[in-house]
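Engineer: what follows is a predicted structure for the sequence shown.
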There are 2 protein chains.
Amino acid sequence: MTGDTTDPQGTAALRPSSRVTLDDVARHAGVSSATASRALGDHPHVAEATRRRVREAAALLDYVASPEATRLAGGPTGRVAVLVPHPSRWFFGELIEGLEAELRAAELDLVLFRVGGPEERHAFFARLPARRGVDAVVVLAFAVDEVEHARLASLGVVVVAAGGRVASYPSVGIDDHRAGRQAVDHLLHLGHRRIGMLAGGDEQRLSPDPDGRASAWRAALRDAATEPDDDLVVTVPWDGEGGAEGMSRLLGLRAPPTAVFAHCDEMALGAMRTLRRAGLRVPEDISVIGIDDHPLAALTDLTTVAQPVREQGRRAGAMVLDTLRGGPPPRVPPAEMLPTRLVLRGTTSPPGVPR
Amino acid sequence: MTGDTTDPQGTAALRPSSRVTLDDVARHAGVSSATASRALGDHPHVAEATRRRVREAAALLDYVASPEATRLAGGPTGRVAVLVPHPSRWFFGELIEGLEAELRAAELDLVLFRVGGPEERHAFFARLPARRGVDAVVVLAFAVDEVEHARLASLGVVVVAAGGRVASYPSVGIDDHRAGRQAVDHLLHLGHRRIGMLAGGDEQRLSPDPDGRASAWRAALRDAATEPDDDLVVTVPWDGEGGAEGMSRLLGLRAPPTAVFAHCDEMALGAMRTLRRAGLRVPEDISVIGIDDHPLAALTDLTTVAQPVREQGRRAGAMVLDTLRGGPPPRVPPAEMLPTRLVLRGTTSPPGVPR
DNA sequence: CAGTCCCCCGGAAGCGCTTCCAACGCCGCG
DNA sequence: CGCGGCGTTGGAAGCGCTTCCGGGGGACTG
């Protein structure tokens, strides 16, 4: 609108950050762009003096390589895709934070893909190779089948899983069985024997044994010489509403449990709402324990088994870096398991007199 | 390993999805790559029939342009950066979900940047021009100064804000003042007069008037012929711990409030923990109201003012698309304000007898 | 002292896409 | 019926960088 017209060429050089190219640097250092590239890229066969000269020229001119050109010419993209089922859930957000920190430090960009269900996941994998926009894929608490994994691997895309683990590729997670035992054993120690379980529906959750937390419940009960009663386990969505719903089913039993083990804190919180509405006191009438140590667990005095979620994201990021930097992945994909710990708060106590 | 050797050219077309280039599409459609580019890029001067043919070929071959090449040649990158302070907080996760959905539908990638404080933000903006890897930047509940905005604009990067708004660029958010009034007026209607406020510390939060929620509290009280008492407002971090801490300060007052308005649900929940520990009942002894309608608010029966967070993300995405597609932004940056609504639950009630 | 290796470095060919420029054929008007 | 013109399309030149390939010295060896 003002005199600020198109200005075909002319003042191009004046424009704020008109790009300094590798050629500029090369010219300035008195070498060819090929040499400049090698010097800057820490390649061998470049005289130390030359390298220094190029470096200085680059610094002087405030040179920054164009990522596009670099990548076009064959370099890595510097991007990693992250597949997330529910970005708004604390667990995933936390994982993302850890991942982002690690990736950012290595100058890698995190491209987020929301992948809700199997079909969406499929769609993602179908397109990804074509757009080959990333060097690696991090899958959060989500399964990837062998076929998909093989496909990516053959395309040179590294895959890492976080928040769970699978045999075929590197992963970080917790020992679900162990975490489950920590929770259930705690209840058992308190004297509970009739322990209900709010199991998370296996959307497409990763896990060593497909059902570590649930199996822990069974094992713990058996170890306590109590036969697990399948009526006491209800499978519901991994959220508050799921927990609330599950709890009311549990309350509908002829012999309701005296304690409940929820697979995650949100579910536990949902269960507590149902209990409150039913006029039952926690923990006097019924104990509740979850897994995660969600920040709100602290606020609601929920006893839980804490897992280092952000750290899992961070470790996953480190795995990506290792694999990216250090050639091919090791024969046996590492499966890190981070420790969990029982956090005692106010929602568990010894059982009252049975009715 | 098998007979699946290098295969220089030959079966190229057969290989799963080894890069399909624009030339492939062009050849398939029987046109030149120049025409193919124009057809795909919605440029004028392309016969409709040709355009269709190219599109079909592209779809058939599952073609996806290489962002690097596109960008290198001067086109857009197809990527938008999202600056988020705390990815693990529900509010931001929700914003991201909405944004992702909208962006994904338009074939744009969402590159996530965690930006905790002003210095990190500065670092981001300082580097961006160099790596200029994105077409747009979406800033979540975060301020960007005029300088930074101008810089991006001159680089052709569009900026959009979500979860708040600022005069200088397009934004989506809620009317903070109005939301605050809804909350405080509710308390007033119930008969409360001594109303405390847990104000969120202004990290670098966006807002129309820098402090809509707080000013609403003042205005509402004045309208109710009650002089706001500054002792009743404490400013704390936007999280549960902040709320808990703030609440205990409020309880330390000689004349504690009979109701508390928290700037967000997490803070409200934190306040409730403090109250519980203090042996105070909610809402009998003290009422609590928040803002957000966090999923856990429903679980804890927290009365709150709901805001459509995911929708804000979606709208922000739409704004990005509009601006990207449709030339320069309008003279007056739009500032959408989405509606909020009071959600009555169990943490508010008329005040008891004052001590 | 000559031969040979190795080091370093420059030339040049792309990577996949956009866009300027020119050419083509068609339509419509005079 | 012929010519100008416009809508379409192809050719080609890069965008900035990496890397293969080959040549020229200098140092070292026989």
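Structural biologist: The structure has been received and is ready for your questions.
Engineer: so who does A:W217 touch?
Structural biologist: Neighbour list for A:W217: A:180, A:184, A:195, A:197, A:228, A:233, A:261 [criterion: CB atoms under 8 Å, 6 or more residues apart in numbering or on different chains]. Any C-beta I mention is one placed from the backbone N, CA and C, and that applies to glycine too.
Engineer: what secondary structure does it sit in?
Structural biologist: helix (DSSP: H, G, I helix; E, B strand; the rest coil).
Engineer: where do the strands sit along chain A?
Structural biologist: Taking DSSP state E as the criterion, chain A contains strands spanning A:79-84, A:109-114, A:136-140, A:158-162, A:171-174, A:195-200, A:233-236, A:259-262, A:287-292, A:303-306, A:335-338, A:341-343.
Engineer: residues in contact with the first one: which ones?
Structural biologist: Here strand A:79-84 makes contact (CB under 8 Å, 6+ apart) with A:92, A:95-96, A:99, A:103, A:108-115, A:121, A:124, A:128, A:133-140, A:142, A:320, B:111-112.
Engineer: and for stretch A:232-247?
Structural biologist: A:89, A:194-203, A:214, A:217, A:249-250, A:253, A:257, A:260, A:262-264, A:266-275, B:295-296, B:298-299.
Engineer: mind checking which of those are in helices?
Structural biologist: A:214, A:217, A:249-250, A:266-275, B:295-296, B:298-299 (DSSP state H).
Engineer: now, of those residues, which are buried?
Structural biologist: A:214, A:217, A:250, A:266-275, B:295-296, B:298-299 (16 or more other CB atoms under 10 Å in any protein chain shown).
Engineer: what sits against A:D229?
Structural biologist: Each residue near A:D229 by CB under 8 Å, 6+ apart is listed here: A:R194.
Engineer: separation between it and chain B?
Structural biologist: For A:D229, the distance to chain B equals 27 Å [CB to the nearest CB, to the nearest Å].
Engineer: and A:H189, by the same measure?
Structural biologist: A:H189 sits 25 Å away from chain B, going by CB to the nearest CB.
Engineer: next, count neighbours for that residue.
Structural biologist: 11 (other CB atoms under 10 Å in any protein chain shown).
Engineer: and it, how far from B:F113?
Structural biologist: For A:H189, the distance to B:F113 equals 46 Å [CB to CB, to the nearest Å].
Engineer: can you read off the pLDDT for A:H192?
Structural biologist: pLDDT recorded at A:H192 is 97.
Engineer: and A:A183, by the same measure?
Structural biologist: So A:A183 comes in at 97 (pLDDT).
Engineer: wait, what's in contact with it?
Structural biologist: A:A183 neighbours (CB under 8 Å, 6+ apart): A:216, A:261, A:289-291, A:304-305, A:342.
Engineer: can you check A:L269 too?
Structural biologist: A:240, A:243, A:290, A:294, A:296-297, A:300, A:302, B:296, B:299-300.
Engineer: residue ranges with poor pLDDT in the stretch 151-300 of chain A?
Structural biologist: In the prediction, the stretch 151-300 of chain A carries residues with pLDDT under 70 at positions A:154-155, A:164-168, A:202-210.
Engineer: quick one, domains of chain A?
Structural biologist: In terms of domains, chain A is parsed into A:18-72, A:79-174+A:309-338, A:176-306 (source: automatic domain parsing).
Engineer: distance to B:P283 for those domains - can I get that in JSON lines?
Structural biologist: Shown next, in JSON lines, are those (distance: least, CB to CB, whole Å):
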{"stretch": "domain A:18-72", "distance to B:P283": "56"}
{"stretch": "domain A:79-174+A:309-338", "distance to B:P283": "26"}
{"stretch": "domain A:176-306", "distance to B:P283": "14"}
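Engineer: and those: which comes nearest DNA strand C?
Structural biologist: Comparing these by their distance to DNA strand C (CB to the nearest atom of the strand), the top pick is domain A:18-72, with 3.3 Å.
Engineer: average pLDDT across the closest one?
Structural biologist: Average pLDDT, domain A:18-72: 87.
Engineer: related to what we said a few turns ago, dump the strands of chain A to a markdown table, plus mean neighbour count.
Structural biologist: Converted to a markdown table, these look like this (neighbours: other CB atoms under 10 Å in any protein chain shown):
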| stretch | mean neighbour count |
| --- | --- |
| strand A:79-84 | 25 |
| strand A:109-114 | 23 |
| strand A:136-140 | 27 |
| strand A:158-162 | 27 |
| strand A:171-174 | 27 |
| strand A:195-200 | 26 |
| strand A:233-236 | 19 |
| strand A:259-262 | 32 |
| strand A:287-292 | 28 |
| strand A:303-306 | 26 |
| strand A:335-338 | 16 |
| strand A:341-343 | 15 |
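Engineer: among the contacts of A:L269, which pair sits farthest apart?
Structural biologist: Maximum pairwise distance among those (CB to CB): 14.3 Å, between A:G290 and B:T300.
Engineer: how about the helices of chain A, start to end?
Structural biologist: Going by DSSP H, chain A shows helices at A:22-29, A:33-40, A:48-61, A:67-72, A:90-105, A:118-131, A:146-154, A:176-189, A:212-223, A:240-251, A:265-277, A:295-299, A:309-325.
Engineer: and the shortest one with chain B, contact?
Structural biologist: Yes - between helix A:295-299 and chain B, judged by CB under 8 Å from any CB of the partner chain, the touching residues are A:295-296, A:298-299.
Engineer: ok, how many other residues are close to the residue lying closest to A:G313 once chain neighbours are set aside?
Structural biologist: Counting by CB to CB, 6 or more residues apart in numbering or on different chains, A:G98 is the residue found nearest to A:G313 once chain neighbours are left out, at 2.5 Å. Using other CB under 10 Å, A:G98 has 24 other residues around it.
Engineer: and A:G41, by the same measure?
Structural biologist: A:G41 has 11 nearby residues by other CB under 10 Å.
Engineer: next, the contact list for it, please.
Structural biologist: The contact partners of A:G41, taken as CB under 8 Å, 6+ apart, number zero.
Engineer: now it: how far from chain B?
Structural biologist: A:G41 is 17 Å from chain B, by CB to the nearest CB.
Engineer: thinking A:G163 is in contact with A:A141, fair?
Structural biologist: Yes - assessed by CB atoms under 8 Å, A:G163 is found in contact with A:A141 at 3.7 Å.
Engineer: out of the helices of chain A, which is the most enclosed?
Structural biologist: helix A:265-277 (a mean of 25; mean count of other CB atoms under 10 Å in any protein chain shown).
Engineer: how far is that one from where the chain is centred?
Structural biologist: 25 Å (CA atoms, centre = their mean, to the nearest Å).
Engineer: next, the angle from it to helix A:240-251.
Structural biologist: 50 degrees (axes from the mean of the first three to the mean of the last three CA atoms, to 10 degrees).
Engineer: coming back round to it: would you list the contacts of A:W217 in JSON lines and tack on distance to DNA strand D?
Structural biologist: JSON lines is the format used below for the contacts of A:W217 (distance: CB to the nearest atom of the strand, whole Å):
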{"residue": "A:G180", "distance to DNA strand D": "48"}
{"residue": "A:V184", "distance to DNA strand D": "54"}
{"residue": "A:I195", "distance to DNA strand D": "59"}
{"residue": "A:M197", "distance to DNA strand D": "54"}
{"residue": "A:P228", "distance to DNA strand D": "58"}
{"residue": "A:V233", "distance to DNA strand D": "55"}
{"residue": "A:F261", "distance to DNA strand D": "53"}
